[in-house]
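Participant: Please find the sequence and the predicted model below.
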Amino acid sequence: MVGRCAWAGDDPLYVQYHDTEWGVPERDGRALWEKLILDGFQAGLAWITILRKRDNFRAAFAGFDPAIIAGWGEDEVTRLLADPGIVRHRGKIEATIGNARAYLDIEAAEGFAPFVWSFVGGEVLQTERASLADVPAETSESRALSKELRKRGFRFCGPTIVYAWMQACGLVNDHVTGCFRHDEVRRLEV
């Protein structure tokens, strides 16, 4: 039996996500933004819910193109609120539009990926956590990044959401030490 982080369970979609995507260092700013938006939609829900709807989200949100989404208004909000393929939450939809504008501002000023990675010194934070019980809900880095994102106009990006996003995007390697992906992900940064 393969050792794997317990949160992946036995759902094939979740296992595939864990085994191929979660924790892999993401250096593309647009991809980082998409994942932050999806983590914001996940607030109050199980990640598997978002994972199952991810393709629907991509279709509904123009492939997560922030330049398109930044120009949206009430007509698009109304359209999205009627879309059963996504999480229909007005606050999260409106936040996505505002977050697209904030993303574009950061991208133009310094690049979104360099901005995000600066909160971990440009390198993956490598951890040695034996079990899920050892994994914090937030860290000083996620609190600092969350605070700066909010200062720059982002919403639905509290320190717990930001830490989950940092884990998913490989800013921190939080695969537990008994997981086969822990060392594989560590080697991705060498």
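Facilitator: Noted; the coordinates are in hand.
Participant: Show residues contacting the longest helix seen in the chain.
Facilitator: Among the segments of the chain that qualify as a helix by DSSP state H, the longest is helix 90-109. For helix 90-109, contacts defined as Cβ atoms under 8 Å, 6 or more residues apart in numbering pick out 29, 33, 36-37, 40-41, 43, 61, 66-67, 69-70, 72-73, 76-77, 80-81, 112, 115, 149, 152-157. All C-beta spots, glycine's among them, are computed from the backbone N, C-alpha and C.
Participant: how does it look with 6 Å?
Facilitator: For helix 90-109, contacts defined as Cβ atoms under 6 Å, 6 or more residues apart in numbering pick out 29, 33, 37, 41, 66, 69-70, 72, 77, 80, 112, 115, 152-156.
Participant: Stretch 164-173 now?
Facilitator: Identification of contacts with stretch 164-173 by Cβ under 6 Å, 6+ apart yields 22-26, 32, 35-36, 39, 120, 124-127, 142, 174, 185-186.
Participant: could you say which helix or strand contains residue 161?
Facilitator: helix 159-168 (DSSP states H and E).
Participant: CA atoms of that helix as CSV?
Facilitator: Output of helix 159-168 as CSV, limited to C-alpha atoms (Å, rounded to 0.1, in the frame of the first residue of the first chain):
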residue,chain,number,x,y,z
PRO,A,159,-4.9,33.5,6.5
THR,A,160,-6.5,30.0,6.6
ILE,A,161,-7.6,30.2,3.0
VAL,A,162,-4.2,31.6,2.0
TYR,A,163,-2.4,28.8,3.9
ALA,A,164,-4.4,26.1,2.1
TRP,A,165,-3.6,27.9,-1.2
MET,A,166,0.1,28.0,-0.3
GLN,A,167,0.0,24.3,0.3
ALA,A,168,-1.8,23.5,-2.9
